[in-house]
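**Student:** Could you work out the structure for the sequence below:
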Amino acid sequence: MNPPCGRCTKPVYPTEKINCLDKYWHKGCFSCDVCKMTLSMSNYKGFNKRPYCSMHYPKTSFTTVADTPENLRLKHQTMLNSQALYKEEFEKNKGKGFSVVVDTPEMQRLKKTQEQISDIKYHEDFERSKIRSDAPPPENRQEEPTSQELNNQADNQIPVPPSGVRKRYQAMYSYTAAEADEVSLKEGDFIDDVEFIDEGWLFGSNQRTGQRGMLPANYVRPV
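**Tutor:** Got it, this is the predicted structure:
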């Protein structure tokens, strides 16, 4: 004959039987008497032969607890569970830092200093990239002008018109655009409506392709 369950009093069959606290329980009925949380042999706490979770375990006023085999087993199991939980939480939070930081004046000062350092680094990187962008990258030069050609170009070059004055130029060398706002050139292409930007770059339209954008000034000559 199957024994009754310690909670629902219905018969407990061998496949779902838990034997604890001198009673038999269905696995689903073996729960905390207060919050009804399902318990197991590793996390329950017994009091007056009734199961409780750690939170709702009745507080007693005993000054001395007898080291019975049951109490020693529970003490050892609780210690193992605490160590396992601590290790699990440590592994989860490793490398993440603290989830909550007290906003003290010292922390505010450090935060402000870090923001200032980040701003300075951003401006330094921006200025470096701006200087690098003033000259066309070497890999974009399909036909690199020789020193003699550059000297001849300097001797025969007509001064670049000031900003706002548009002229027609012709490409002396081929150039492949490195950015979306640049214009690719082929030797001999005519560039219309050229506008001076600075000493290294012009802005105009390639008559052959219809593209309009920036182009290196040392790759073209005015006509």
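**Student:** Could I get the buried residue list for stretch 12-20?
**Tutor:** Neighbour-count burial for stretch 12-20, counted by 16 or more other CB atoms under 10 Å, picks out 12, 18, 20. Just so you know, the C-beta spots here come from the backbone N, C-alpha and C atoms, and that holds for glycine as well.
**Student:** surely the first one meets residue 26?
**Tutor:** Meaning residue 12. Yes: Residue 12 is within contact range of residue 26, at 5.8 Å (criterion: CB atoms under 8 Å).
**Student:** Give me the common contacts of the two.
**Tutor:** residue 5 (CB atoms under 8 Å, 6 or more residues apart in numbering).
**Student:** export stretch 19-34 as PDB, just CAs?
**Tutor:** Extracted C-alpha coordinates of stretch 19-34, given in PDB (Å, rounded to 0.1, in the frame of the first residue of the first chain):
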ATOM      1  CA  ASN A  19      11.300  10.400   2.000                       C
ATOM      2  CA  CYS A  20      12.200  13.200   4.400                       C
ATOM      3  CA  LEU A  21      11.300  14.500   7.900                       C
ATOM      4  CA  ASP A  22       9.800  11.000   8.800                       C
ATOM      5  CA  LYS A  23       7.200  11.400   6.000                       C
ATOM      6  CA  TYR A  24       6.700  10.700   2.300                       C
ATOM      7  CA  TRP A  25       6.000  13.500  -0.100                       C
ATOM      8  CA  HIS A  26       5.200  14.000  -3.700                       C
ATOM      9  CA  LYS A  27       8.000  15.900  -5.400                       C
ATOM     10  CA  GLY A  28       5.700  18.800  -6.200                       C
ATOM     11  CA  CYS A  29       4.300  18.800  -2.600                       C
ATOM     12  CA  PHE A  30       7.700  19.000  -1.000                       C
ATOM     13  CA  SER A  31       7.600  22.800  -0.600                       C
ATOM     14  CA  CYS A  32       8.000  25.600   1.900                       C
ATOM     15  CA  ASP A  33       5.100  25.700   4.400                       C
ATOM     16  CA  VAL A  34       5.100  29.600   4.100                       C
END
